[in-house]
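Chemist: predicted model, plus sequence, below.
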Amino acid sequence: MSAETLDLEMASPAEARRALRPDPVKRSVERRSSDGASLGSVALDPDTFGIEPNLAVLHQVVTAQLAAARSGTQSTKTRAEVRGGGSKPWSQKGTGRARAGSSRSPIWVGGGVALGPKPRSYAQRTPKKMVALALRSALSDRAASERVAVVDRWAYDEPSTKAAVASLAALELEGRVLVVLGEDDWAADRSFANLPHVQVLLAAELNAHDILVNDWVVFTDETLPGTTVEVVEVDIAIVEDADGEVVAIVETEIDVIEDADGEVLEVVETDTVIVVEEEGNEA
């Protein structure tokens, strides 16, 4: 008997299952620009995109998510809530008919409903670790099917549905597409809004259900799980007019985007212009 077999026999069932799990698979995906030009490849995080999907956890989490989306406002009236029916329809004896105490009994037409639905919450308690595992399982499934796309950024200065359609065609994305955006991608959000086969989500809103109902998942350098954006330097420049008065302040932020392996993907410079307004003269 080997030492590994002995350790598995002495371990708990949970520890034995973890020990028998396959190692995460290292996968990579082509990194492209919004116009379809190739920018090399990106190594995906193995712990996020390379695990074996846990179908049982996926089913439980997605079921709980769909259940929580139910409004639960359906309601029927009991015999006590139906208006009327206070008087006894006929005498207890002597009529030859079955005894009846109210015309609002559930067996009467126009009466109450027995054991009918009432307003309730369908929410199920789901542990955070299960939600995280379901998300990683869904991402791993799409990565295994080569249905994960990465763009450097959405280069839209203003909302344009035409530009969004052109980008999807250049990226060769067919079917339902889930676009994961950052907080500052407002132009891309408005550009994809009118496309019925495209769903837009913020990176913080990413969930297993929306991944599974879409054919493709598209990330940017900023929203791709496993990548980090490091602020290297912030330069401040002061713009003065001919009289030496401050007109504007320009802040230049230099960000370095790295993948899961620590390789530099891109260096981004962002300029923020702060206009200094002149104080009005007091009358």
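Modeler: Noted; the coordinates are in hand.

Chemist: quick one: low-confidence ranges for the stretch 51-200 of the chain?
Modeler: Scanning the stretch 51-200 of the chain for pLDDT under 70 picks out no residues.

Chemist: mind running it again at 90?
Modeler: Low-confidence segments of the stretch 51-200 of the chain (pLDDT under 90): 155, 157.

Chemist: quick one: the helices in it?
Modeler: Using DSSP state H, counting those that start in this stretch, the helices of the stretch 51-200 of the chain run over 55-68, 128-144, 161-170, 186-192.

Chemist: so which elements touch the longest one?
Modeler: Helix 128-144 sits against helix 46-49, helix 55-68, helix 208-212, strand 216-220, with contacts defined as 3 or more Cβ pairs under 8 Å, 6 or more residues apart in numbering; DSSP states H and E. Bear in mind the C-beta positions are built from the backbone N, C-alpha and C, glycine included.

Chemist: related to what we said a few turns ago, which one of the helices of the stretch 51-200 of the chain lies nearest to residue 33?
Modeler: In terms of Cβ to Cβ, the element of the helices of the stretch 51-200 of the chain nearest to residue 33 is helix 161-170, at 8.6 Å.

Chemist: residues in contact with that closest one?
Modeler: Residues external to helix 161-170 that are found in contact with it (Cβ atoms under 8 Å, 6 or more residues apart in numbering): 34-36, 151, 154, 156, 177, 188, 191-195, 198.

Chemist: picking that back up, now the helices and strands packed on helix 128-144 in TSV, with mean neighbour count and distance to residue 167?
Modeler: Conversion of those to TSV gives the following (neighbours: other Cβ atoms under 10 Å; distance: least, Cβ to Cβ, whole Å):
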stretch	mean neighbour count	distance to residue 167
helix 46-49	19	23
helix 55-68	16	29
helix 208-212	20	20
strand 216-220	24	9
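
Chemist: output those as CSV; include the columns distance to residue 144.
Modeler: Formatted as CSV, the helices and strands packed on helix 128-144 follow (distance: least, Cβ to Cβ, whole Å):
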stretch, distance to residue 144
helix 46-49, 8
helix 55-68, 13
helix 208-212, 13
strand 216-220, 12
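
Chemist: tell me which element residue 274 is part of?
Modeler: In this structure, residue 274 is located in strand 264-275 according to DSSP states H and E.

Chemist: contacting residues around the residue of the chain most remote from its centre?
Modeler: Residue farthest from the centre of the chain, counting by Cα atoms, centre = their mean, is residue 94 at 68.8 Å. When contacts are counted by Cβ under 8 Å, 6+ apart, residue 94 touches no other residue.

Chemist: and it, how far is that from residue 183?
Modeler: 79 Å (Cβ to Cβ, to the nearest Å).

Chemist: ok, residue 117 next?
Modeler: Remark: distance between residue 117 and residue 183 (Cβ to Cβ) = 40 Å.

Chemist: now swap in residue 210 and tell me
Modeler: Note on residue 210: its distance to residue 183, by Cβ to Cβ, is 18 Å.

Chemist: same thing with residue 120?
Modeler: Distance, residue 120 to residue 183, by Cβ to Cβ: 36 Å.

Chemist: mind putting the helices of the stretch 51-200 of the chain into CSV with distance to residue 41?
Modeler: Listed next are these as CSV, based on distance: least, Cβ to Cβ, whole Å:
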stretch, distance to residue 41
helix 55-68, 28
helix 128-144, 13
helix 161-170, 18
helix 186-192, 23
